[in-house]
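Visitor: Give me a 3D structure for the following:
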Amino acid sequence: MNQTRTLGTPRLLGIVWPFIAVVLFQALLGGVSLYMLSAVRGYVAGESLWSKGQKDAIYYLNLYADSRDEAIFNKYQSAIAVPQGGHELRVALDQQPPNIEAARVAILKGGNHPDDIDGVIWLYLNFRHFRYHEKAIDLWRVGDAYLVQLDAIAREMHQRITTGHASDADIKRWKDQIFAINENVTPAAKAFSDALGEGSRVILRLLLVINLATALGLIVLALMRTHKLLKQRHAFADALQLEKDRAQITLQSIGDGVITTDVEGAIAYMNPAAEALTHWKAEQATGLPLAALFNLLDENAQADGFTLIEHILSGQLSGGSEHSKLIQRLDGSTVSVTLVGAPIRNAGKVSGTVLVLHDMTQERQYIANLSWQATHDALTGLANRREFEYRLEQALHNLTRLSGRHALMFLDLDQFKLVNDTCGHAAGDELLRHICALLQSGLREGDTLARLGGDEFGILLENCAPQAAEKIAEVLRQTVQNLHFVWKGRPFVTTVSIGLVHVTQNPTTLEASLRAADMACYMAKEKGRNRVQVYHADDSELSLRFGEMAWVQRLHMALEDNRFCLYAQEIAPLGPTESGGGHIEILLRLHDESGRMILPDSFIPAAERYGLMTSLDRWVVENVFKIIAQCMAEKRNCPLAMCAINLSGTTIGDEAFLDFLREQFVAYAIPPEMICFEITETSAISNLGSAIKFINELKGLGCHFSLDDFCAGMSSFAYLKHLPVDFLKIDGSFVKDMLDDPINRAMVEVINHIGHVMGKRTIAEFVETPQIEQALLEIGVDYAQGYVIERPHPFTCDSLQRRPARPRPLLFKAPGTFR
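Guide: Residues are numbered from 1 along each chain as shown. Model prediction:
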């Protein structure tokens, strides 16, 4: 009990704490000393800069008095800024409380290094009443007073010289004053420098004495404690034995197997965990060679050519790294372990070895599970997309070495979302498991079935002829169709759309194969679902879809790179000129990767098919509003044209777009009556409820609406009664041929008449000749738009300005009369 108390941690600290305290004090004292000397050095450096600055300032001010050159005065200002920084530092620190932030700025202005800031401030605040420091500060104030006088002279001189009122007498007077200041400030600066130097030397001597005294104290304390430490030596030996006993208990308690041997490999000790791993008792194994307990195998279950002792003594199992091995016990069973071994050294010589074995059975099982989960789908147990793409890539690679034909299929369940939406995800998961089992039963051994995500599956048929692959695909389609899935008494019809690609030796890539299969599956769905679509490279429909899919990426990049641009085209009145700023339509254009101009007909179909129209419409609205806001700021009192902006049917049905529009109207302060939204007749009728709600919401703000391409689809005029639009745009297909086709002219007349009866104004598109304009004027159409009116041009602020009235053709109703 007494021994434990003597050598316990508190007793040991009781022995060494004075040493620690003195060392810490010595370190603290050294740090304070260095910090103080660094601060003094900062003052010395600052004084040097101050002195140089005041000399340079006096020199440049004298030179300025002679030359009256503004550049010389600027040099004076740069030179005087350094001593002014010192002046501002002292003033900031003399405040109550000190203005530390202003002091930091002043130190930097004075030219000191940023690392000196804290030391300079600390020394000033804590040692300002120190005799040498106080003397230096008094001299500092004297020097600052002269510099204040100098700067007052400089400002007066600069003001008089720049205004041309400086006489020779003034110059002489100023130079005399500068000379007097120079005569007085130089002794003050030298006295300040001497005071700083004397103070630094005193501090250095003081710190040296303190450090020497501390060192002597440490020596005396070391001598006093050494005697006591020698008396404790025997107690430490006893404590070592105690620690050995504790280590023994620890080894018996840990879960890893620990085996120690002598230098020849004879077993000296085994803990219980090692007994469990080797199936040997420690008393039976003691003295036996290590090889008697188990054989060491590599990862391939082959016998290792070296003994464990050789491994340990050569350092192959040391260094803290773990080495995975199999050990084979005498009963033939094996267990996976990690080994860590090291030689036991005594007085520099190897006296034995220690081997630690960790049972890796559970870890291996966990790793195997993780590996399986990384390559398989948790719900169905099939290979996942990552594993499927890996196997496909391997199959494509094999085609480059060996001849053969593979088949790749993409399968997409038809109306699967209906099951999830009506019966929940549990029903959808059960249906997926049923279908996976059916699909697997219809494949050959060695074929790969994978779940690519959601209700999409992939199948890889390696070394499969085209006819056989198509037959398998048809069988799978029929099998899924024949499945009668019932969930809680509710039956569901299941069908699948399959895209099939024949993969031959022709050079192909993983991406190209997957894209072709995906496109073929997409076409199978577009053609009515529940069918097999075989991919052919020369298929015109597939080529069209490929082109549209390529446009999707290009449009995303164009939005990111801001390569879209806006054009404008006038919509001119055919009757008397309206009051206001006129009417223009905003048109969208795209600059491709090489800078060429692309018209909307090339990219709008892809944008509509793949859901990008809302993004494009948002871009158009925001950029139109930016230009209008800019123009309103520049032309405050000029009337601006109404801008017609085209919106897609998808955008009309997007409720979030209404919130976006309200935000844009507020953000850019655009009067809503300046905006006319154009929607096509087809999109309005196909989303009639959404269109009516959309139009009414924005008309409530003051916006106008135009129904574009009216009668292009030969829709019923009855729909027009439900759409509260302001303008009808007569489809250009009727207008451009109306002079040659009496039916088209009649259509224009009917649309114009019905529009007027309903109180709507009419706009004719594709007005490309004066003759067509004359005919429209005879019919009574309100507005015309086309090349004869104005060709599209880049949309700028000038586009919004009112156009001068253009000459119109005379309208002859009958000989001798006109309207």
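Visitor: Could you confirm D421 falls within a helix?
Guide: Yes - using DSSP: H, G, I helix; E, B strand; the rest coil, the assignment for D421 is a helix.
Visitor: Domains in the chain, by residue range?
Guide: According to automatic domain parsing, the chain comprises the domains 35-206, 254-365, 376-537, 552-804.
Visitor: Export those domains as JSON lines, with columns for distance to I219.
Guide: (Each C-beta comes from the backbone N, C-alpha and C, glycine too.) Shown next, in JSON lines, are the domains of the chain (distance: least, Cβ to Cβ, whole Å):
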{"stretch": "domain 35-206", "distance to I219": "21"}
{"stretch": "domain 254-365", "distance to I219": "32"}
{"stretch": "domain 376-537", "distance to I219": "71"}
{"stretch": "domain 552-804", "distance to I219": "74"}
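Visitor: so can I have JSON lines of the ones you listed showing mean pLDDT, distance to L242 and mean neighbour count?
Guide: Below are those laid out as JSON lines (pLDDT from 0 to 100; distance: least, Cβ to Cβ, whole Å; neighbours: other Cβ atoms under 10 Å):
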{"stretch": "domain 35-206", "mean pLDDT": "75", "distance to L242": "46", "mean neighbour count": "17"}
{"stretch": "domain 254-365", "mean pLDDT": "75", "distance to L242": "18", "mean neighbour count": "15"}
{"stretch": "domain 376-537", "mean pLDDT": "88", "distance to L242": "54", "mean neighbour count": "17"}
{"stretch": "domain 552-804", "mean pLDDT": "87", "distance to L242": "72", "mean neighbour count": "17"}
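Visitor: right, and these - which one's nearest Q241?
Guide: Proximity to Q241 (Cβ to Cβ) singles out domain 254-365 among the domains of the chain, at 15.6 Å.
Visitor: distance between the closest one and the chain's centre?
Guide: Between the centre of domain 254-365 and the centre of its chain there are 50 Å (Cα atoms, centre = their mean, to the nearest Å).
Visitor: do the same with stretch 756-772
Guide: 51 Å.
Visitor: In this protein, which residue is most central in space?
Guide: Note on the chain: the residue nearest the mean C-alpha position is E560, at 14.3 Å, using Cα atoms, centre = their mean.
Visitor: and that one, how far is that from V120?
Guide: As judged by Cβ to Cβ, to the nearest Å, E560 and V120 stand 51 Å apart.
Visitor: And R401, by the same measure?
Guide: R401 is 76 Å from V120, by Cβ to Cβ.
Visitor: C-terminal to the longest helix seen in the chain, what's the next element?
Guide: Longest helix in the chain by number of residues (criterion: DSSP state H): helix 168-231. Once the chain leaves helix 168-231, the next helix or strand it forms, by DSSP states H and E, is helix 233-253.
Visitor: element containing A268?
Guide: Applying DSSP H and E as the criterion places A268 in strand 267-270.
Visitor: and the residue nearest to the centre of the chain, what are its phi and psi?
Guide: Here is the backbone geometry of E560 (degrees, to the nearest 10): phi -70, psi -40.
Visitor: try V532
Guide: phi -110, psi 120.
Visitor: That one touches E474, doesn't it?
Guide: Yes - under the criterion of Cβ atoms under 8 Å, V532 makes contact with E474 at 5.8 Å.
Visitor: my read is V781 is in a helix, agree?
Guide: No - per three-state DSSP, V781 lies outside any helix segment and is coil.
Visitor: So it sits against R761, correct?
Guide: No - the pair V781 / R761 is not scored as a contact, 9.0 Å apart, by Cβ under 8 Å.
Visitor: Give the other helices and strands that the longest helix of the chain contacts.
Guide: On a contact count with 3 or more Cβ pairs under 8 Å, 6 or more residues apart in numbering; DSSP states H and E, helix 168-231 meets helix 9-67, helix 131-163.
Visitor: before we move on, the earlier item: pairing partners for the strand holding A268, with directions?
Guide: When pairs are called by DSSP bridges, strand 267-270 turns out to pair with strand 257-262 (antiparallel).
Visitor: Using PDB, write out the CA atom coordinates for the partner strand.
Guide: Output of strand 257-262 as PDB, limited to C-alpha atoms (Å, rounded to 0.1, in the frame of the first residue of the first chain):
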ATOM      1  CA  GLY A 257      -5.000 -13.500 -29.600                       C
ATOM      2  CA  VAL A 258      -1.500 -12.800 -28.200                       C
ATOM      3  CA  ILE A 259       1.300 -15.400 -28.400                       C
ATOM      4  CA  THR A 260       4.900 -14.800 -27.200                       C
ATOM      5  CA  THR A 261       7.800 -17.100 -28.000                       C
ATOM      6  CA  ASP A 262      11.500 -17.200 -27.400                       C
END
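Visitor: quick one, that strand and helix 233-253 angle?
Guide: Strand 257-262 and helix 233-253 are oriented at 130 degrees to each other (axes from the mean of the first three to the mean of the last three Cα atoms, to 10 degrees).
Visitor: I'd like the distance between the residue nearest to F73 when sequence neighbours are not counted and R791.
Guide: Excluding the flanking residues, the one nearest F73 by Cβ to Cβ, 6 or more residues apart in numbering is Y64, at 4.8 Å. Remark: distance between Y64 and R791 (Cβ to Cβ) = 65 Å.
Visitor: now do A222
Guide: A222 is 100 Å from R791, by Cβ to Cβ.
Visitor: Could you do L93 as well?
Guide: 74 Å.
Visitor: CA atoms only: put the longest strand along the chain into PDB for me.
Guide: Across the chain, the longest stretch assigned as strand under DSSP state E is strand 334-346. What follows is strand 334-346, C-alpha atoms only, in PDB (Å, rounded to 0.1, in the frame of the first residue of the first chain):
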ATOM      1  CA  THR A 334      -9.300 -22.400 -41.400                       C
ATOM      2  CA  VAL A 335      -9.900 -19.000 -40.100                       C
ATOM      3  CA  SER A 336      -9.100 -15.600 -41.600                       C
ATOM      4  CA  VAL A 337      -7.000 -13.400 -39.400                       C
ATOM      5  CA  THR A 338      -4.800 -10.300 -39.500                       C
ATOM      6  CA  LEU A 339      -1.300 -10.700 -38.000                       C
ATOM      7  CA  VAL A 340       0.900  -8.100 -36.300                       C
ATOM      8  CA  GLY A 341       4.200  -9.300 -35.000                       C
ATOM      9  CA  ALA A 342       7.400  -7.800 -33.600                       C
ATOM     10  CA  PRO A 343      10.600  -9.000 -32.000                       C
ATOM     11  CA  ILE A 344      11.000  -8.500 -28.200                       C
ATOM     12  CA  ARG A 345      14.300  -6.800 -27.400                       C
ATOM     13  CA  ASN A 346      16.200  -6.700 -24.200                       C
END
